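Sequence unavailable; structure follows:
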Ligand SMILES: [Zn+2]
């Protein structure tokens, strides 16, 4: 009896852990540096997303951990979704109503 109860609790805690992971676990984004051609993985806190009025002014930026270059890359809709969903700090360049 106590055994089945333990199993039930374990199942629940696993589900809870997964639910928590979705929002808390650090998301890693793969990025490349055009300067030193380095490839690396960055956490959400290392990236900045700027959303402009159009896709042309929407970009994400980060500092290359290898050479220190400030990298800025255009961000399409999918990337914006990915970054915002991953907890990247977002800056809106245009005023919204
Ligand atoms: Zn670099």
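Okay, I see it. All figures in this text were calculated on a predicted structure; none of them were measured in a lab.

residues touching residue 75, list them.
49, 51, 58-60, 83 (Cβ atoms under 8 Å, 6 or more residues apart in numbering). (Each C-beta comes from the backbone N, C-alpha and C, glycine too.)

Now do the host helix or strand of residue 90, average pLDDT.
Taking DSSP states H and E as the definition, residue 90 sits inside strand 89-92. Regarding strand 89-92, the rounded mean pLDDT is 94.

how far is that strand from where the chain is centred?
Computed by Cα atoms, centre = their mean, to the nearest Å, the chain-centroid distance of strand 89-92 equals 12 Å.

pLDDT score for the residue nearest to the spatial centre of the chain?
Centroid-nearest residue in the chain: residue 86, 3.0 Å away (criterion: Cα atoms, centre = their mean). On pLDDT, residue 86 comes in at 92.

Now it: closest residue in space, sequence neighbours ignored.
Distances taken as Cβ to Cβ, 6 or more residues apart in numbering put residue 27 closest to residue 86, at 3.6 Å, once the chain neighbours are dropped.

Then residue 66?
Nearest one to residue 66, counting by Cβ to Cβ, 6+ apart, is residue 38 at 3.9 Å.

Next, give phi and psi for that neighbour.
Taking degrees, to the nearest 10, you get phi -80, psi 150 for the backbone angles of residue 38.

Show me the shaky parts of this protein.
1-26, 95-97 (pLDDT under 70).

Much appreciated, bye for now.
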